[in-house]
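[1] What follows is a predicted protein model with its sequence.
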Amino acid sequence: MARRLLTLLAALLLALAVGQPSASAASFANPVKAQKGADPWISYHDGNYYLVSTSWTDVITVRRSATLAGLATAPSVQVWQGDAASRCCNIWAPEMHYLNGRWYLYYVAGQNVADYNPTQRSHVLESAGSDPLGPYTYKGQLNSAWMLDPTVATINGRLYLFGSTSSGGTQNIVAAPMSNPYTVSGAFSTVSTPTYAWEKSGHPVNEGPEILQRGGKTFLSYSASGCWTPDYKLGRLTLTGSDPLSASSWTKKSTPDFQRNDAAGVYGPGHHGFFTSPDGTESWIVYHANDSASDGCDNGRTARAQKFTWNADGTPNLGTPVALGASLAGPSGEPSGVQRTYTLTNRNSGKCLEVAGGSTADGANVQQYTCNGGSHQRWRLEDQGDDTSRLLNVATGKVLDTADCSASDGASLRQWPWLNNTCQRFRFVATDGGHVRIVNQASGKVADVANCSTADAADIRQWTWLNNPCQQWKLNPT
């Protein structure tokens with residue numbers, strides 16, 4: 001654990017240097033997500049990256065940033081919470097896919113029981129429109145038995161679902177046809193089983209399938225071996241036949257595609273996704289890994305990204321995992337600069353959340369005011385690793401706090417030194433139109449403009465959620 005903290009501190013110091021005169025504005029340093037970074041997935045849409053990963057809880061959160069570097073400090077916005085006992089908890093491996101003008105969020109969830117692993121099933125959500133932050137509605141369970149790591153891809157004009165199931169003491173990759181993004185329309189068939197020794201370290205496993213396509217070729221990249229081992233790695237299949245549902249149509253590469261790099265302190269790299277640079281010229285991989293050979297298959301894994309290239313024969317060359325903290329050039333086509341602070345504007349009034357008068361006093365009031373760019377209106381939204389954030393005011397260095405830890409409607413929101421309690425932790429929960437409600441972790445109540453006032457200096461308090469615009473906020477990077 002001490003080694004991980006030192007490594008992450010070094011990475012953070014490098015990341016904070018981004019944007020200084022001595023560094024490229026487009027540079028970044030891994031990890032791109034240090035908290036709950038396992039099983040990461042990145043989609044790029046309409047000028048922003050969207051990052052999701054395993055939560056181990058009953059919620060799915062999304063980070064959004066115009067730059068890859070910005071994902072490291074972007075707030076985690078909750079877009080879904082488990083809505084039924086059969087699928088409430090232990091959410092793993094979410095992925096976002098844009099199909100037919102809507103987003104589909106595929107994920108694994110199970111019951112809130114001690115031995116939760118046998119209850120894990122694959123599910124899918126559908127967005128109301130084209131916003132990756134939703135809102136989402138539940139569309140259904142994708143199969144009746146245990147299945148991990150659902151992903152979808154269109155091959156030869158037809159949509160397919162891929163996942164990982166268990167049979168005969170091994171984990172295998174399976175596929176099935178789909179009639180639409182939430183309906184499986186045929187039987188599952190096994191397309192890959194662990195056959196090589198490098199796929200069987202700890203346990204014979206093929207999981208985390210991802211489809212990669214380029215130049216008329218289709219590849220299935222997957223994770224192999226036990227995720228709790230340092231030898232968790234990536235393998236590759238190439239579609240050499242005509243039927244993606246037939247194992248005989250896939251040809252397996254005999255050697256790993258991406259694996260541990262002891263010299264760089266990278267162990268167990270796997271469960272990945274692919275994305276393209278903003279200008280479409282570069283191919284990128286996002287994956288998780290550990291920084292010690294003794295680390296396991298848990299929340300300590302961090303999300304990392306790097307560029308990869310293509311071989312002359314049209315196959316991907318994923319390269320070698322790079323060390324945490326190494327300065328890397330960001331994806332081509334990104335805007336310059338990295339946003340690390342935010343203003344919070346009220347949906348009803350259009351005014352900014354601020355510390356009154358920029359006071360540095362304990363207990364200074366938090367209010368709304370016409371946005372003016374002042375540092376007392378800018379906040380650092382710092383992930384606490386439990387799906388909550390603290391809101392640190394840039395001018396004062398103090399945090400948003402519920403007065404006296406009250407659970408009452410009308411309790412004032414103020415600033416206070418960080419005490420690391422739940423009265424100072426907040427969840428950002430997506431509503432619609434890119435807005436969120438700011439929910440106090442202790443009380444479950446939301447940041448509210450008193451009496452829905454549109455006036456400067458109107459008080460900000462907590463109140464029961466009423467689903468009105470006075471209780472909704474937009475997080476604007478600055």
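    Okay, I see it. Note that this is a predicted model, so its numbers are computed, not measured. Numbers count the residues shown, from 1 in each chain.

[2] What distance do you get for Ser76 to Trp310?
    For Ser76, the distance to Trp310 equals 33 Å [Cβ to Cβ, to the nearest Å]. Every C-beta, even on glycine, is put in place using the N, C-alpha and C of the backbone.

[3] Those two: which is more packed in?
    Ser76 (28 against 13; other Cβ atoms under 10 Å).

[4] isn't Gly330 right next to Ala66, touching?
    No: counting by Cβ atoms under 8 Å, Gly330 does not reach Ala66; the two are 10.7 Å apart.

[5] With neighbour numbers in mind, choose between those two.
    The neighbour comparison of Gly330 against Ala66 (other Cβ under 10 Å) goes to Gly330, with 25 against 18.

[6] Identify each buried residue in the strand or helix carrying Ser164, please.
    In the assignment (DSSP states H and E), Ser164 maps to strand 158-167. Judged by neighbour count using 16 or more other Cβ atoms under 10 Å, the buried positions of strand 158-167 are Leu159, Tyr160, Leu161, Phe162, Gly163, Ser164, Thr165.

[7] Show me the residue at the heart of the chain, geometrically.
    The chain has Val52 as the residue nearest its centroid, 1.9 Å off, counting by Cα atoms, centre = their mean.

[8] and the residue nearest to it when sequence neighbours are not counted, how many neighbours does it have?
    Once flanking residues are discounted, Val52 sits nearest to Pro94: 4.4 Å by Cβ to Cβ, 6 or more residues apart in numbering. When neighbours are defined as other Cβ under 10 Å, Pro94 has 25 of them.

[9] before we move on, what SS does Pro94 have?
    Classification of Pro94 using DSSP: H, G, I helix; E, B strand; the rest coil returns strand.

[10] Look up the pLDDT of the closest residue in space to Gly374 that isn't next to it in sequence for me, please.
    Among residues not flanking Gly374 along the chain, Gly358 sits closest, at 6.7 Å (Cβ to Cβ, 6+ apart). pLDDT for Gly358: 97.

[11] Confirm for me that Gly358 is in contact with Asn372.
    No: using Cβ under 8 Å, Gly358 is not in contact with Asn372; the gap is 10.8 Å.

[12] Among these two, which residue is more densely surrounded?
    A count of neighbours by other Cβ under 10 Å puts Gly358 above the other of Gly358 and Asn372, at 14 against 10.

[13] Save the buried residues of strand 158-167 as a markdown table, and put in pLDDT and distance to Asp39 too.
    Listed next are the buried residues of strand 158-167 as a markdown table, based on pLDDT from 0 to 100; distance: Cβ to Cβ, whole Å:
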| residue | pLDDT | distance to Asp39 |
| --- | --- | --- |
| Leu159 | 98 | 22 |
| Tyr160 | 98 | 20 |
| Leu161 | 98 | 17 |
| Phe162 | 98 | 15 |
| Gly163 | 98 | 13 |
| Ser164 | 98 | 12 |
| Thr165 | 98 | 17 |
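
[14] for those residues, which one is nearest Gly385?
    Nearest to Gly385 among the buried residues of strand 158-167 is Ser164, at 27.0 Å by Cβ to Cβ.

[15] Can you give me the end-to-end span of stretch 249-266?
    33 Å (Cα to Cα, to the nearest Å).

[16] what's the offset of that stretch from the middle of its chain?
    24 Å (Cα atoms, centre = their mean, to the nearest Å).

[17] now stretch 101-121
    Worked out by Cα atoms, centre = their mean, stretch 101-121 lies 16 Å from the chain centre.

[18] Alpha carbons only: can I get it in CSV?
    Below are the C-alpha coordinates for stretch 101-121, written out as CSV (Å, rounded to 0.1, in the frame of the first residue of the first chain):
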residue,chain,number,x,y,z
GLY,A,101,-28.7,8.0,-31.9
ARG,A,102,-28.8,6.8,-28.3
TRP,A,103,-26.3,5.6,-25.7
TYR,A,104,-26.5,2.1,-24.4
LEU,A,105,-24.7,1.3,-21.1
TYR,A,106,-23.8,-2.3,-20.7
TYR,A,107,-22.8,-3.5,-17.2
VAL,A,108,-22.7,-6.4,-14.8
ALA,A,109,-24.5,-6.4,-11.4
GLY,A,110,-25.7,-8.8,-8.8
GLN,A,111,-27.4,-9.1,-5.4
ASN,A,112,-26.3,-7.6,-2.1
VAL,A,113,-25.2,-10.9,-0.5
ALA,A,114,-22.0,-12.1,1.0
ASP,A,115,-21.2,-14.5,-1.8
TYR,A,116,-22.2,-12.1,-4.6
ASN,A,117,-20.2,-13.4,-7.4
PRO,A,118,-22.6,-16.2,-8.4
THR,A,119,-25.4,-13.7,-8.7
GLN,A,120,-23.7,-11.5,-11.3
ARG,A,121,-25.6,-11.0,-14.5
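
[19] for it, which positions count as buried?
    Quick answer for stretch 101-121 (16+ other Cβ under 10 Å): Trp103, Tyr104, Leu105, Tyr106, Tyr107, Val108, Ala109, Gly110, Gln111, Thr119, Gln120, Arg121.

[20] Among the residues you listed, which lie within strands?
    Among the buried residues of stretch 101-121, DSSP state E puts Trp103, Tyr104, Leu105, Tyr106, Tyr107, Val108, Ala109, Gly110, Arg121 in strands.

[21] does Lys307 belong to a helix or a strand, and which?
    Using DSSP H and E, the element containing Lys307 is strand 302-310.

[22] The next helix or strand after that strand pairs with which strands?
    For strand 302-310, the following helix or strand on the C-terminal side (DSSP H and E) is strand 316-317. With DSSP bridges as the test, strand 316-317 is paired with strand 302-310 (antiparallel).

[23] Contacts for the partner strand next, please.
    For strand 302-310, the external contacting residues (Cβ atoms under 8 Å, 6 or more residues apart in numbering) are 8, 28, 30-34, 37-38, 40, 42, 51, 53, 68, 214, 269, 277, 282-291, 316-319, 321-322, 324, 328-329, 331.

[24] C-terminal to the helix or strand of the chain with the lowest mean pLDDT, what's the next element?
    Every helix and strand in the chain was compared by mean pLDDT, DSSP states H and E; the lowest is helix 2-16, with a mean of 42. Counting by DSSP H and E, the element after helix 2-16 in chain order, helix or strand, is strand 27-29.
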